[in-house]
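**Q** quick one, structure for this:
(2 chains)
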Amino acid sequence: MFENAYELIVYIMTALGIYDSIFRVFEVLGIEYVLRIIIVFVEIVVLFAFALVTIMFLTWMERKVVAMVQARYGPMVTGPRGLLQPVMDGVKLIGKEDIIPDKADRWVFTLAPFIIFIPALLVFIPLPFGDSLVISNFKIGLLYIIAVSAISPIAILLAGWASNNKYSLMGAMRAVAQDISYTIPLALAAIAIVMFTGSLSMVDIVTAQGGTWFGVIPKWFIFLQPLGFILFLIASIAEMGRIPFDFQESESELVAGFFTEYSGMKFAMFFLAEYAHLFAVSGIVVTLFLGGWNGPAVPFIPVQITSLVYFLIKTYAVIFFAMWLRDTVPRMRIDQLLGLGWKVMVPVALLNLLVTGLLVTAGVI
Amino acid sequence: MATNAFLDNYLPVAILTVIGIVFVAVSLFMSRMVRPSKKTKEKLSTYECAEVPIGDARIHFNIQYYLIVIVFLIFDVEILFLYPWAVQFKHLGPIGFFEMVIFIEVLVIGLAYAWRKEALDWIQ
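**A** Next up is the predicted model:
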């Protein structure tokens, strides 16, 4: 309905009859643009708070899912069913001593947590959480997301190099090799979607998936691109560095991989970034293949609310799948990993592109 | 002030970057206020499973990483070309499609060559 959340807020404020008077005040002062900056600032603060709460919830959820699979309870003591456990973790980490090893490069060592944390959040900006609930509807949304998520390997390499620890450097090298290997099939799988929509905007991609075939099957791209969906899902799990692709921090070989030397709040930043990334990537999978915020309309409830609920349900389903995978699949070997990336996924992704192109050109789809 | 659609769209990116930097800086600073700091020589030494680290960590690493980066670069550039093509795909018609097939075919031959030369195998 609205281009982005800013326009929604302006609409609500106008409906309440307060926007005009506030705008006039700023107009008299000659700083109308400041009003926009304030509104966007509030939006971003809400997004930030949402992201932090989500990250906290995800750490709790991950422990609970692991516990369920292993037939135990997981955190139970702090708060109802252990829900406050992430808060306690945060408090504990703030009070932990921060150690920078003598041999480490102090500046780069401190810089790495910044560089890993910020891109993990920037990915949220073009992500449509619901109808008109998008911070900015970039025309190049998908490209922006791929570009911003490509910053995290740089941060990992900085962390690994600055630590001056053999485990860290090895973990970082592996992480970068893995990230760049799997970016290719990821981007190729996404291109097939762009061929259908003719637009890189995430909102346009969601809108193109509205409606149903024969009134039953929703027009999600997973049905047009089943192979692309599998490729994208595997590649994004590999990019996140989760089991079965967790070479960057494989505990039994590299202690903790690239953040072996980190402690206290700097370690916490890597941890937060990891879960922010998990949510963002699941949201992207949902947006591209599972219909985004599309779902049956509910009478009397604004579409913005129902669409947000549909988006969250689908995203948590994908997140649950990733956690489930972590508990049931063993880690691969690094030669298997790179072999899978280059010898299976890249050719299959190119083939998928070829078939999609042929079918679209022939007018079948 | 005239509104600029480009600036309006990217304003949130700038604001979120600033908030992110402030958040990380403030949490590191807060932790500095409350945490203990009793540094000893052992604590500050590089961790290596309780062994005394031998030599520098920044040693020679596997040549394989370079090969992978080179193959990646070629494909990354290819993808950069594919995105604008995919956006215009429906307007280009069959000719546009077959032109891209020829372009990718050249790269696939390159991939097959790298494969044949075992650049993609992890040799120890």
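
**Q** burial count for the closest residue to residue A:114 other than its chain neighbours?
**A** Using Cβ to Cβ, 6 or more residues apart in numbering or on different chains and skipping residues adjacent in sequence, the residue nearest residue A:114 is residue B:24, 5.1 Å away. Where C-beta positions appear, they are placed from N, C-alpha and C, glycine not excepted. When neighbours are counted by other Cβ atoms under 10 Å in any protein chain shown, residue B:24 registers 22.

**Q** which residues in chain B form strands?
**A** Ranges of strands in chain B, per DSSP state E: none exist.

**Q** which regions of it sit below the pLDDT cut-off?
**A** In the predicted model, chain B carries pLDDT under 70 at residues B:1-3, B:50, B:123-124.

**Q** tell me which residue in it sits closest to chain A.
**A** residue B:122 (3.5 Å; Cβ to the nearest Cβ).

**Q** from residue A:161, how far out is that residue?
**A** 22 Å (Cβ to Cβ, to the nearest Å).

**Q** more crowded one of the two?
**A** Neighbours were counted for residue B:122 and for residue A:161 using other Cβ under 10 Å; residue A:161 has more, 21 against 16.

**Q** mind checking pLDDT for the more buried one?
**A** Residue A:161 carries a pLDDT value of 85.

**Q** who are the contact partners of residue A:184?
**A** A:341, A:345, A:346, A:349, B:72, B:75, B:76, B:79 (Cβ atoms under 8 Å, 6 or more residues apart in numbering or on different chains).

**Q** can you put these in a markdown table and add neighbour count and distance to residue A:89?
**A** A markdown table is the format used below for these (neighbours: other Cβ atoms under 10 Å in any protein chain shown; distance: Cβ to Cβ, whole Å):
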| residue | neighbour count | distance to residue A:89 |
| --- | --- | --- |
| A:341 | 25 | 33 |
| A:345 | 24 | 35 |
| A:346 | 23 | 39 |
| A:349 | 24 | 39 |
| B:72 | 19 | 36 |
| B:75 | 23 | 40 |
| B:76 | 15 | 37 |
| B:79 | 18 | 39 |
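
**Q** and residue A:241, its phi and psi?
**A** phi 70, psi 40 (degrees, to the nearest 10).

**Q** that one and residue A:259 touch, don't they?
**A** No: contact criterion Cβ atoms under 8 Å: residue A:241 and residue A:259 do not qualify, at 11.4 Å.

**Q** overlap in contacts, the two.
**A** With Cβ under 8 Å, 6+ apart as the test, residue A:241 and residue A:259 both reach residue A:249.

**Q** in chain A, which helix is the longest?
**A** helix A:32-69 (DSSP state H).

**Q** just the CA trace of the next helix or strand after that one, in CSV.
**A** Sequence-wise, the next helix or strand downstream of helix A:32-69 (DSSP states H and E) is helix A:85-94. Extracted as CSV, the C-alpha positions of helix A:85-94 are listed here (Å, rounded to 0.1, in the frame of the first residue of the first chain):
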residue,chain,number,x,y,z
GLN,A,85,18.8,-16.7,30.1
PRO,A,86,20.0,-14.4,27.2
VAL,A,87,19.7,-11.4,29.5
MET,A,88,21.8,-13.1,32.1
ASP,A,89,24.4,-14.0,29.4
GLY,A,90,24.6,-10.4,28.5
VAL,A,91,25.1,-9.3,32.1
LYS,A,92,27.7,-11.9,32.5
LEU,A,93,29.6,-10.9,29.3
ILE,A,94,29.6,-7.2,30.3
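
**Q** which stretch of helix or strand covers residue A:196?
**A** helix A:166-197.

**Q** and the angle from the longest helix that chain B contains to helix A:32-69?
**A** As assigned by DSSP H, the longest helix anywhere in chain B is helix B:5-34. For helix B:5-34 against helix A:32-69, the angle by axes from the mean of the first three to the mean of the last three Cα atoms, to 10 degrees is 60 degrees.
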